[in-house]
Structures are given as C-alpha cells and as structure tokens.
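Chemist: dropping a prediction and its sequence here:
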Amino acid sequence: MFKKLLNLALPLILISAASFAQSHHNAYLKIDYITVETHEHESFRTFIENDMHSLKQDRISDSDILNWQVYEVVYPGSQNSSYNYVSITTSSSLNSFDFEVDDSDYSIRDNFSAPHSEIWKVRNSKYLDENIEPNKYIRMDYMNVALGREYEYQMLEDEIALPLHTERMNRDIMQAWEMYELIIPGGLNYGYNFATGNYFSELQHVEYGFDEELIRSQNSDVDMMQFFENIRSARDLVKSELWRLFHHIETGD
C-alpha cells in the first residue's frame with residue numbers, strides 16, 4: 001500500500017524537501033487533561049497564572065523542561081468529554097516527568113480534577129517560523145494505527161501528508177505541524193496510539209484541509225479516489241479536537 005502512496009506523492013516530496021527546519025524532534029510531551037467546573041474558572045485562571053506559572057518557570061530556568069502551555073478545549077472530540085483544559089509540558093528527556101524530579105503537575109490534581117495524563121514522543125515536526133509565539137489554535141487529531149502498521153503509518157505522515165502541510169504553510173493558512181506517538185499509557189484497548197497537531201493562528205484556517213485543488217497543485221496526475229482510500233486504510237481517525245491557547249511559558253521568557 002505504501003509504495004502506491006509514495007508513487008502518487010513523489011512530486012510533493014521533491015518540491016518540499018528541506019523547506020522548513022525541524023523543531024522539537026524526538027522531544028516528549030506530557031499532557032494533563034483537566035476538568036474545570038463552571039464555578040472554578042476564576043480560581044483556575046489565578047492558579048495557572050500564578051502558582052503553576054512560577055513552578056514551570058523555575059523548571060524552564062533550570063533547563064529541566066523546554067516549555068509549557070495550557071489550552072482550553074473549545075471543541076471536544078466527543079459529546080461526553082470529561083475535560084475542558086489541557087496542560088502540555090515539553091522536555092527533551094523522559095526523566096523530566098518522574099514524580100521524584102517534578103511534582104508541579106500534581107499541584108493541578110491537588111486543586112482540580114485531572115482525569116488522566118499521557119506522555120507522547122514527537123516523531124516529526126515542521127514550523128513555518130521557529131521563533132514565533134505558540135499558535136492560538138491547535139487541532140489535535142487522534143489516530144488508531146493497527147498493530148504492526150506503525151512504521152507504514154509514520155511513513156505516510158512523513159512522506160505524504162507533510163508535503164501537503166508544507167504547502168499550506170507556504171500559503172500562510174497553517175503555522176506548524178507535529179506528529180506524536182503515544183508512549184504512556186497504551187495497549188490494544190486504549191483507543192489511539194498516534195496523534196497529529198495542526199497549528200493555526202486564525203480559526204478560519206482550520207477548514208482548509210486536503211482538498212483536490214491543494215493536492216493537484218503539487219501533483220496534477222494523482223488519482224484522488226485512490227489517494228484518499230490509501231490514507232483511510234492506514235489509520236482510523238478516532239477523534240479531532242480544537243484547542244485554544246490559554247497560557248504559556250517558553251524558553252527565554
């Protein structure tokens with residue numbers, strides 16, 4: 001299957017090779033999913049902007065972590081989603097998330113409900129501009145890839161999807177893209193094992209996806225039906241969520 005995809009998209013790969021530098025490649029993300037009740041929003045804002053900001057700033061200053069962001073989940077992936085905020089801590093080392101090294105995220109659990117946490121590894125990433133502030137919106141797409149097809153799926157994202165995302169960046173309708181593999185927890189019954197983060201500065205840009213015009217602008221001879229069928233066969237899209245930036249600290253702030 002992948003050879004068919006590669007033949008369809010080879011012109012895309014050649015056009016976009018080395019267009020953008022990699023960012024956070026092989027870094028780790030710890031995502032804490034947080035539930036904030038309606039009456040808790042003001043106290044949560046104060047807690048994030050003061051207590052958590054101070055704790056995370058100290059860790060960044062000590063080079064323990066790279067950055068930290070908090071997003072509001074404005075459009076959840078299911079109608080009965082149990083969380084409405086996410087805290088994302090990025091580090092170059094998995095050891096940074098050892099409880100004996102860092103208990104800052106446990107402060108969230110002490111004050112608010114945090115149904116679960118996950119650790120992801122960044123398998124690939126591209127940024128339009130390495131020096132820009134975190135983008136206002138992220139669309140997180142959670143994927144389930146069948147056991148034994150992980151490499152095939154990663155190649156699809158690297159060689160097929162990424163050149164198209166790069167063209168979207170060239171058109172200034174997308175600012176960044178990352179692909180993640182779930183490290184902890186996992187298992188056949190967990191529901192998903194990969195995700196992609198699509199970063200936008202404006203909400204209106206979210207709707208510009210992989211349409212026929214974009215694909216044919218790079219490869220006019222592509223078989224559209226075969227192209228989308230091969231993508232669908234490589235993974236199941238479990239859910240998509242839209243997150244809006246709420247608070248952040250970056251290295252150098």
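Modeler: Structure received.
Chemist: and the next helix or strand past the helix-or-strand element of the chain with minimal mean pLDDT?
Modeler: Among the helical and strand segments of the chain, the one scoring lowest on mean pLDDT, DSSP states H and E is helix 2-16, with a mean of 43. The helix or strand immediately downstream of helix 2-16 is strand 28-35, counting by DSSP states H and E.
Chemist: report the central residue of this protein.
Modeler: Nearest to the geometric centre of the chain sits G197, at 2.7 Å (Cα atoms, centre = their mean).
Chemist: beta partners for it?
Modeler: G197 has these beta-bridge partners by DSSP bridges: M140, E178.
Chemist: where's H205 relative to V73, distance?
Modeler: Taking Cβ to Cβ, to the nearest Å as the measure, H205 falls 19 Å from V73. All C-beta atoms are positioned from the backbone trio N, CA, C, and that covers glycine.
Chemist: for this protein, just list every one of the helices.
Modeler: Along the chain, counting by DSSP state H, helices occupy 2-16, 41-46, 53-61, 104-111, 150-156, 162-170, 212-218, 224-234.
Chemist: worst average pLDDT in those?
Modeler: Comparing mean pLDDT across the helices of the chain, the weakest is helix 2-16, with a mean of 43.
Chemist: per-residue confidence for the nearest residue to Y190 once chain neighbours are set aside?
Modeler: Excluding its sequence neighbours, the residue lying closest to Y190 (Cβ to Cβ, 6 or more residues apart in numbering) is L182, at 7.5 Å. The confidence metric pLDDT takes the value 97 at L182.
Chemist: tell me if I'm right that L182 and G191 touch.
Modeler: No. At 9.8 Å, L182 and G191 do not qualify as touching, with contact defined as Cβ atoms under 8 Å.
Chemist: with neighbour numbers in mind, choose between the two.
Modeler: More neighbours surround L182 than the other of L182 and G191, with 20 against 12 (other Cβ atoms under 10 Å).
Chemist: and that one, how far from F47?
Modeler: 28 Å.
Chemist: show me where pLDDT drops low in the stretch 51-200 of the chain?
Modeler: For the stretch 51-200 of the chain, the stretches with pLDDT under 70 are 100-103, 130-133.
Chemist: repeat the analysis, applying 80 as the threshold.
Modeler: 99-107, 109, 129-134 (pLDDT under 80).
Chemist: list the contacts for the residue nearest to P115 when sequence neighbours are not counted?
Modeler: In space, and not counting its chain neighbours, P115 is closest to S82: 5.0 Å by Cβ to Cβ, 6+ apart. Under the criterion of Cβ atoms under 8 Å, 6 or more residues apart in numbering, the neighbours of S82 are Y33, T35, P115.
Chemist: try it again at 10 Å.
Modeler: By Cβ atoms under 10 Å, 6 or more residues apart in numbering, S82 lies in contact with Y33, I34, T35, P76, S113, P115, H116.
Chemist: of these, grab the buried ones for PyMOL.
Modeler: Of the contacts of S82, the buried ones can be selected in PyMOL as follows, counting by 16 or more other Cβ atoms under 10 Å:
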select buried, resi 33+34+76
